[in-house]
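In: the following block contains a protein sequence and its predicted model.
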Amino acid sequence: MTEPATFNALTNKLLIKVSWRLIPILFCSYICAYLDRINIGFASKNLKEELHFSDSVYGLGAGIFFLGYALFEIPSNVIMEKVGARRWIARIMISWGIISGAMAFVNSPTTFYILRFLLGIAEAGFFPGIILYLTYWFPPSQRGKSISRFMTAIPLSGLIGAPLSGMLLNMDGIATLHGWQWLFLLEALPSLLMGVYIFCFLPDKPADAKWLNEEEKAVISTVIAEEESKLHTSAIKPNPYLAFFSLPVWYMCLIYFFQVTGLYGIGLWLPDLLRSASHLGNIQTGFLTAIPFLAGAISMAIWGWNSDRLNERKWHLLLGNLLGSVGFVIAGLKPDNLPVALLGITIASMGVHATFGPFWALKTTLLAPGIAAIGIALINSMGNLGGFMGPSLTGFLKEQTGSLSWGLILYASTSFLAALMIFFLKLKPIQVDRS
C-alpha cells in the first residue's frame with residue numbers, strides 16, 4: 001500500500017524533524033515510568049527475604065499498582081486535554097517519582113500495598129496521554145513508527161534497569177540502608193528531573209512549538225486533518241463518553257488485557273525466574289535479565305517499522321501474539337532449566353513487545369478524534385488490569401506449586417487468546433451513535 005497523497009519529501013522531512021524533537025523526550029520519560037513500575041521485580045528476592053513477604057504478598061503488591069492505575073486513567077486523560085500535555089505530564093512524573101522513592105520505606109505488606117496502589121494512581125494517564133499527544137503531531141499513516149519508537153522504552157527500561165538494579169542492590173549496608181532501599185531512592189530521581197524538564201520545554205501542540213515556523217505548523221495540521229477526514233467521514237462530533245457504550249471499544253479492551261498480562265508477566269517475574277534457574281547473584285542476574293529485554297527492543301523497532309512500511313496492522317498483531325505464546329510455552333515446560341527458560345522467555349519477549357506499536361497505531365486510526373481521548377484511556381486502563389491479574393495469580397500459583405511453570409502457561413494462554421480475538425477483529429473505523 002502507498003502513502004497518502006498529501007505526503008511528499010518535504011512533509012516527510014518535517015515529520016522526521018518533529019520525531020527528533022519529541023520522541024527522545026517522551027522515550028526517556030517512559031523509561032523512567034516503566035522502570036519505576038517494574039523495579040519491584042528486581043527487588044523481589046530481597047523484599048521476600050528481608051521483609052518476609054510470601055510469593056502471594058509480592059504478586060498482589062506488584063499487581064495492585066494496576067488497580068489504582070485503572071481507576072484514575074480516564075479522568076487523568078480528560079484533564080490532560082483540558083490543561084495541556086506539558087503541565088499534566090510533568091505533574092504525573094513528579095508525583096510518581098516522589099511515591100516511587102517512598103517505596104524505600106516499605107516495612108510491611110500493608111505499606112507495600114498502599115504505596116503500590118498510590119503509585120498506580122500517580123502514574124495513571126501518562127501512557128494514554130502520550131499516545132493521545134502523538135496524534136496531535138503525526139498523521140495516522142505514520143503513527144506506527146512514532147509509537148514504536150516511543151514504546152521501545154519498555155524493553156529498553158529493562159535492558160538498562162536490570163544491570164543497574166543489580167548493582168544498586170549490592171549497595172546493601174551503605175548509610176545503614178538495604179540495597180533494595182537504595183534501588184527505589186536512586187531510580188526515582190530521573191523521574192523527578194524529567195518532570196521538571198518537561199514542564200519547562202515540552203510544547204503542548206504544533207502551534208506552541210517555537211522550533212516550527214508558521215508554514216510547518218500549517219503543514220502538520222493539514223496532513224493530519226486530511227488523513228483523519230478520510231478515515232472518519234461523519235461531520236457530527238460525537239459525545240466522547242459514548243466510547244463507554246461502544247462494543248468495539250470494549251472488544252479492544254479485552255485484546256489489550258490479554259496482551260498486557262504477558263507483558264507484565266515478563267516485567268515483574270522475569271528476574272525471579274532467571275535467578276531461580278541460574279542461582280546467580282544480583283549483578284549477574286541483572287545482566288542475564290537484560291537479554292530478553294534487548295531482544296524485545298529490537299523486535300519492537302523492526303515490527304513497528306515494517307507495519308508502517310506495509311501499512312498493515314492486523315497480521316503484525318496476530319503473529320506477534322502467537323510468537324509470544326510459543327515462547328511462554330517453551331519457558332513453562334522447563335522453568336528450572338536456564339538455557340530453555342532463557343530461550344523461551346526471549347522468544348516471548350520478542351513477540352509480546354513487537355505487538356504494541358501496531359496495536360496503538362491501529363487504535364488511534366480506528367477511534368474517531370471526538371472519542372479518542374476517552375477511548376484510548378479506556379482501552380489502556382481496562383487492558384492494564386491484566387497487569388493486576390497476571391502477577392497476582394502467578395504469585396498464588398507459585399506459592400501453591402513451588403514453580404513458575406503454571407504462571408508461564410497462563411501467559412501463553414492469554415497471548416494466544418489475544419491472537420484469536422485479533423483474527424476476528426473487523427478493521428472498520430469505530431462509529432458511535434448518539435441514539
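Out: On my side now, so go ahead. Quick caveat: nothing in here was measured; it's all calculated off a predicted structure. Numbers count the residues shown, from 1 in each chain.

In: C-alpha only now, for contacts and for neighbours.
Out: Noted.

In: spatially central residue for the chain, please.
Out: The C-alpha lying nearest the average C-alpha coordinate of the chain belongs to I154 (C-alpha atoms, centre = their mean; 6.0 Å).

In: pLDDT at that residue, what is it?
Out: Here the pLDDT value assigned to I154 is 83.

In: what sits against it?
Out: 30-31, 34, 297, 353 (C-alpha atoms under 8 Å, 6 or more residues apart in numbering).

In: can you rerun that using 10 Å?
Out: By C-alpha atoms under 10 Å, 6 or more residues apart in numbering, I154 lies in contact with 27, 30-35, 148, 263, 267, 293, 296-297, 300, 353, 356.

In: can you select the buried ones among the residues you listed for me in ChimeraX?
Out: Buried residues among those (16 or more other C-alpha atoms under 10 Å), as a ChimeraX selection:
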select :27,30,31,32,33,34,35,148,263,267,293,296,297,300,353,356
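
In: number of residues surrounding the residue nearest to L185 when sequence neighbours are not counted?
Out: Once flanking residues are discounted, L185 sits nearest to G101: 4.5 Å by C-alpha to C-alpha, 6 or more residues apart in numbering. For G101, the neighbour count with other C-alpha atoms under 10 Å is 22.

In: same check on A209?
Out: Neighbour count for A209, taken as other C-alpha under 10 Å: 16.

In: doesn't I220 make contact with it?
Out: No - judged on C-alpha atoms under 10 Å, A209 makes no contact with I220 at a distance of 11.8 Å.

In: what is in contact with these two at once?
Out: V18.

In: S405 touches E399, doesn't it?
Out: No - taking contacts as C-alpha under 10 Å, S405 lies outside contact range of E399: 11.6 Å.

In: these two: who's more crowded?
Out: Between S405 and E399, counting by other C-alpha under 10 Å, S405 is the more crowded of the two (23 against 16).

In: and the gap between that one and I330?
Out: Distance, S405 to I330, using C-alpha to C-alpha, to the nearest Å: 10 Å.

In: and E312, by the same measure?
Out: 29 Å.

In: same deal with E216?
Out: Note on E216: its distance to I330, by C-alpha to C-alpha, is 50 Å.

In: between these two, tell me which one has more neighbours.
Out: The neighbour comparison of E216 against I330 (other C-alpha under 10 Å) goes to I330, with 22 against 17.

In: my read: the more buried one touches L338, true?
Out: No - in this structure, I330 is not within contact of L338 by C-alpha under 10 Å, at 11.6 Å.

In: now do the shared contacts for those two.
Out: By C-alpha under 10 Å, 6+ apart, the residues touching both I330 and L338 are G344.

In: select the longest helix from this structure.
Out: helix 9-42 (DSSP state H).

In: the helix or strand immediately after that one in the chain - contacts with which helices or strands?
Out: Remark: after helix 9-42, the chain's next helix or strand is helix 44-50, criterion DSSP states H and E. Helix 44-50 is packed against helix 9-42, helix 55-83, helix 179-201, helix 247-278, with contacts defined by 3 or more C-alpha pairs under 10 Å, 6 or more residues apart in numbering; DSSP states H and E.

In: give me that answer again for 8 Å
Out: Packed against helix 44-50 by the contact rule (3 or more C-alpha pairs under 8 Å, 6 or more residues apart in numbering; DSSP states H and E) you find helix 55-83.

In: now do I25: how many residues are near it, please.
Out: I25: 17 surrounding residues under other C-alpha under 10 Å.

In: can you tell me the closest non-neighbouring residue to it?
Out: That would be I198: by C-alpha to C-alpha, 6+ apart, it lies 7.8 Å from I25.

In: ok, that neighbour to I147 distance?
Out: Noted for I198: a distance of 19 Å to I147, by C-alpha to C-alpha.

In: so which of those two has more stuff around it?
Out: I147 (26 against 21).
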